[in-house]
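Asker: mind looking at a prediction? Sequence and model below.
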Amino acid sequence: MADEETAESSPAPSIGTIDLWYTKIMSSITAGVSSFVAFLFFLFTIGAFFGLITAMRWPHLASWIVIIPAIIGLIAYYNRTFATAVFFLLIIFVFI
(Lines give C-alpha, C1' and ligand atoms only; values in the text may rest on other atoms or scores of the structure.)
Protein backbone atom coordinates (compact mmCIF):
# COMPACT_ATOMS: atom_id res chain seq x y z
CA MET A 1 0.00 0.00 0.00
CA ALA A 2 2.83 2.37 0.74
CA ASP A 3 4.23 1.77 -2.73
CA GLU A 4 0.93 2.68 -4.34
CA GLU A 5 0.73 5.95 -2.47
CA THR A 6 4.27 6.97 -3.42
CA ALA A 7 3.75 6.00 -7.07
CA GLU A 8 0.59 8.07 -7.31
CA SER A 9 2.04 11.09 -5.57
CA SER A 10 5.30 11.13 -7.53
CA PRO A 11 5.58 13.76 -10.28
CA ALA A 12 5.06 12.72 -13.90
CA PRO A 13 8.23 12.03 -15.90
CA SER A 14 9.47 14.91 -18.02
CA ILE A 15 8.76 14.88 -21.75
CA GLY A 16 11.79 14.17 -23.91
CA THR A 17 13.05 16.25 -26.83
CA ILE A 18 11.75 13.82 -29.45
CA ASP A 19 8.32 13.87 -27.84
CA LEU A 20 8.32 17.68 -27.94
CA TRP A 21 9.27 17.66 -31.62
CA TYR A 22 6.60 15.08 -32.34
CA THR A 23 4.00 17.17 -30.53
CA LYS A 24 4.97 20.30 -32.49
CA ILE A 25 4.92 18.47 -35.82
CA MET A 26 1.58 16.83 -35.10
CA SER A 27 0.01 20.13 -34.03
CA SER A 28 1.20 21.86 -37.22
CA ILE A 29 -0.01 18.98 -39.41
CA THR A 30 -3.43 18.88 -37.77
CA ALA A 31 -3.75 22.64 -38.12
CA GLY A 32 -2.77 22.37 -41.80
CA VAL A 33 -5.18 19.51 -42.45
CA SER A 34 -8.09 21.31 -40.82
CA SER A 35 -7.39 24.45 -42.86
CA PHE A 36 -7.14 22.43 -46.07
CA VAL A 37 -10.42 20.59 -45.39
CA ALA A 38 -12.14 23.88 -44.57
CA PHE A 39 -10.81 25.28 -47.86
CA LEU A 40 -12.17 22.27 -49.76
CA PHE A 41 -15.61 22.69 -48.19
CA PHE A 42 -15.50 26.37 -49.07
CA LEU A 43 -14.78 25.44 -52.70
CA PHE A 44 -17.57 22.87 -52.61
CA THR A 45 -19.98 25.54 -51.37
CA ILE A 46 -18.96 27.91 -54.16
CA GLY A 47 -19.48 25.11 -56.69
CA ALA A 48 -22.90 24.25 -55.29
CA PHE A 49 -23.95 27.90 -55.39
CA PHE A 50 -22.68 28.26 -58.97
CA GLY A 51 -24.47 25.04 -59.94
CA LEU A 52 -27.72 26.26 -58.41
CA ILE A 53 -27.55 29.57 -60.27
CA THR A 54 -26.71 27.85 -63.55
CA ALA A 55 -29.46 25.25 -63.14
CA MET A 56 -32.03 27.95 -62.44
CA ARG A 57 -31.03 30.26 -65.31
CA TRP A 58 -29.95 27.72 -67.93
CA PRO A 59 -31.47 24.32 -67.14
CA HIS A 60 -30.09 22.80 -70.35
CA LEU A 61 -26.52 23.44 -69.08
CA ALA A 62 -27.07 21.82 -65.67
CA SER A 63 -25.48 18.51 -66.69
CA TRP A 64 -22.30 20.33 -67.75
CA ILE A 65 -21.89 21.63 -64.20
CA VAL A 66 -21.27 18.02 -63.16
CA ILE A 67 -19.27 16.88 -66.20
CA ILE A 68 -16.81 19.79 -66.59
CA PRO A 69 -15.28 19.59 -63.06
CA ALA A 70 -14.91 15.82 -63.46
CA ILE A 71 -13.05 16.28 -66.76
CA ILE A 72 -10.84 18.97 -65.23
CA GLY A 73 -10.17 16.63 -62.29
CA LEU A 74 -9.11 13.82 -64.65
CA ILE A 75 -6.77 16.14 -66.54
CA ALA A 76 -5.32 17.41 -63.25
CA TYR A 77 -4.83 13.83 -62.05
CA TYR A 78 -2.71 12.93 -65.05
CA ASN A 79 -0.93 16.26 -65.59
CA ARG A 80 0.89 17.78 -62.60
CA THR A 81 1.61 21.08 -64.36
CA PHE A 82 -2.07 21.59 -65.17
CA ALA A 83 -3.02 20.69 -61.59
CA THR A 84 -0.53 23.19 -60.18
CA ALA A 85 -1.74 25.94 -62.51
CA VAL A 86 -5.40 25.31 -61.70
CA PHE A 87 -4.65 25.18 -57.97
CA PHE A 88 -2.76 28.47 -58.22
CA LEU A 89 -5.69 30.06 -60.09
CA LEU A 90 -8.13 28.77 -57.46
CA ILE A 91 -6.03 30.28 -54.68
CA ILE A 92 -5.91 33.62 -56.51
CA PHE A 93 -9.67 33.46 -57.16
CA VAL A 94 -10.43 32.79 -53.49
CA PHE A 95 -8.33 35.69 -52.23
CA ILE A 96 -9.50 38.25 -54.80
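Answerer: Cool, got the structure.

Asker: and the helices in the chain?
Answerer: Under the criterion DSSP state H, the chain carries helices at the ranges 2-9, 17-57, 62-78, 80-95.

Asker: ok, of those helices, where does mean pLDDT dip lowest?
Answerer: For the helices of the chain, the stretch scoring lowest in mean pLDDT is helix 2-9; its value is a mean of 53.

Asker: burial count for Val86?
Answerer: Each residue near Val86 was counted by other Cβ atoms under 10 Å, and the total is 15. The way it works is simple: take the backbone N, C-alpha and C, and place the C-beta from them, glycine included.

Asker: can you pull the contacts of it?
Answerer: Applying Cβ atoms under 8 Å, 6 or more residues apart in numbering, we find Val86 in contact with Ile72, Ala76.

Asker: roughly how far apart are it and Ile75?
Answerer: 9 Å (Cβ to Cβ, to the nearest Å).

Asker: got a list of contacts for stretch 65-75?
Answerer: Taking Cβ under 8 Å, 6+ apart as the criterion, the residues outside stretch 65-75 that touch it are Gly47, Phe50, Gly51, Thr54, Ala55, Phe82, Val86.

Asker: repeat that for 6 Å
Answerer: Surrounding stretch 65-75, the residues in contact under the criterion Cβ atoms under 6 Å, 6 or more residues apart in numbering are Gly51, Thr54, Phe82.

Asker: so how far is Phe41 from the last one?
Answerer: In this structure, Phe82 and Phe41 are separated by 23 Å, where distance is defined by Cβ to Cβ.
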